[in-house]
Structures are given as C-alpha cells and as structure tokens.
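Colleague: turn this into a structure:
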Amino acid sequence: MIMADKHVQLLEHFYTSFDKLDTKEMIRYYHADLTFEDPAFGDLNYYDGSMMWQMLCDSQKGKDFNVSFRDVSIQGDTGSLTWEAKYKFRTGRSVHNVINAKFKFKDGLIIDHRDHFDLYKWSRMALGAKGLLLGWTSSFRKGLNQQTNKMLNKYKKGNELRK
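Modeller: Okay, here's the model as predicted:
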C-alpha cells in the first residue's frame with residue numbers, strides 16, 4: 001500500500017508539473033532507462049522523451065494551456081490514468097485531447113510511459129479538413145511521426161535538457 005501511495009503521488013506531481021509547464025520537475029520522475037511511446041512521436045528513450053516534453057512545454061508558455069488528470073490506478077509496479085490536454089494547435093485550432101496513459105515503475109520512478117489517444121479524432125481537431133480526410137490512414141501516422149521527430153531533432157540542436 002505504501003508503494004502504491006508513492007506511485008500515485010509521483011503521477012500527481014508529474015501531471016501537476018505538466019499543467020504548470022515545468023519540464024524540469026516532470027523529468028525528475030523519469031528513470032534514466034525510460035521508454036516512452038505515443039501516436040505522435042512513436043518510441044522515445046529518456047533523453048528524447050524528456051526533450052519532447054521540454055519542447056512541448058516551451059511551445060505552450062504564455063498560451064492558454066491546461067492539463068488535468070483522473071482515474072489514477074496503481075497495481076504493484078504498474079499504473080494507469082487518463083489525462084486531458086486543452087490547447088491551441090499551431091494551426092490556431094482548439095484541441096481537447098483525452099489520453100489514456102500506462103506506466104511501469106522502477107526504483108520509485110517511471111521507467112515505461114505509454115500514451116494512447118485517438119489519432120484520428122486529434123487530427124480532425126488539430127488539422128480540420130486535412131485531418132478529416134487523412135487522419136485515419138497509416139501514411140498519416142507515419143508522416144506525423146516523421147514530422148514530429150524532425151521538429152524534435154531541430155529543437156534538440158538548439159536547446160539543452162534542463163535538469
């Protein structure tokens with residue numbers, strides 16, 4: 001029960017920090033051997049996953065951005081929750097994304113973080129007609145992964161990870 005409480009607190013701190021766009025605080029809850037995965041970025045290691053959060057948080061500073069979470073569940077060294085992000089995408093369109101996250105813990109930190117969301121629904125909100133027409137295709141997902149990773153690589157060249 002004590003470890004479950006610590007895992008709940010860890011996830012609460014992670015998402016509260018995310019809502020505050022405090023990447024430095026967020027990544028202190030990640031294990032150095034982290035694996036991260038989501039539909040937009042694909043598979044990332046600790047460094048790339050941390051830089052992804054930093055890039056996303058930096059892009060939202062001074063903007064109307066909100067993160068909330070609910071339904072935290074811990075089972076031994078695994079956990080899950082639902083989190084929601086509300087923001088304006090770079091197209092100017094409003095997005096309300098609902099994400100189901102699964103976690104594995106090691107040494108009191110998150111070692112595996114998997115975010116799952118409806119990419120087609122997200123693409124319709126973020127991209128409008130283009131998302132409606134193409135967002136459901138595997139080629140859209142592949143192209144999105146290439147584009148997001150290209151943005152991440154460009155961001156990494158001009159920024160250092162803030163720990």
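
Colleague: now do the helices in this protein.
Modeller: For the chain, helices defined by DSSP state H occupy the ranges 2-19, 23-27, 46-60, 119-127, 129-134, 138-158.

Colleague: in terms of mean pLDDT, which of the ones you listed ranks lowest?
Modeller: With a mean of 78, helix 129-134 has the lowest mean pLDDT of those.

Colleague: show me which positions of it end up buried.
Modeller: 131, 134 (16 or more other Cβ atoms under 10 Å). Quick note: C-beta positions are derived from backbone N, CA and C, even for glycine.

Colleague: ok, residues contacting that helix?
Modeller: Helix 129-134 has contacts (Cβ atoms under 8 Å, 6 or more residues apart in numbering) with 120, 122-125, 140.

Colleague: pick out the most distant pair among those.
Modeller: Greatest spatial distance in the contacts of helix 129-134: M125 and F140, 14.1 Å, computed using Cβ to Cβ.

Colleague: report how many residues lie close to the residue nearest to F105 when sequence neighbours are not counted.
Modeller: Nearest non-adjacent residue to F105, counting by Cβ to Cβ, 6 or more residues apart in numbering: D77, 4.9 Å away. For D77, the neighbour count with other Cβ atoms under 10 Å is 14.

Colleague: what about D77, distance to K86?
Modeller: 31 Å (Cβ to Cβ, to the nearest Å).

Colleague: could you do F36 as well?
Modeller: Taking Cβ to Cβ, one finds F36 at 22 Å from K86.

Colleague: could you check which of these two has the larger neighbour count?
Modeller: F36 (21 against 13).

Colleague: identify the bridge partners of the more buried one.
Modeller: L44, H113 (DSSP bridges).

Colleague: okay, it: pLDDT?
Modeller: Reported pLDDT for F36: 98.

Colleague: what sits against it?
Modeller: 43-45, 48-49, 52, 112-115.

Colleague: could I have the buried ones of those residues as PyMOL selection syntax?
Modeller: Entered in PyMOL, the line below selects the buried ones among those, by 16+ other Cβ under 10 Å:
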select buried, resi 44+48+49+52+112+113+115
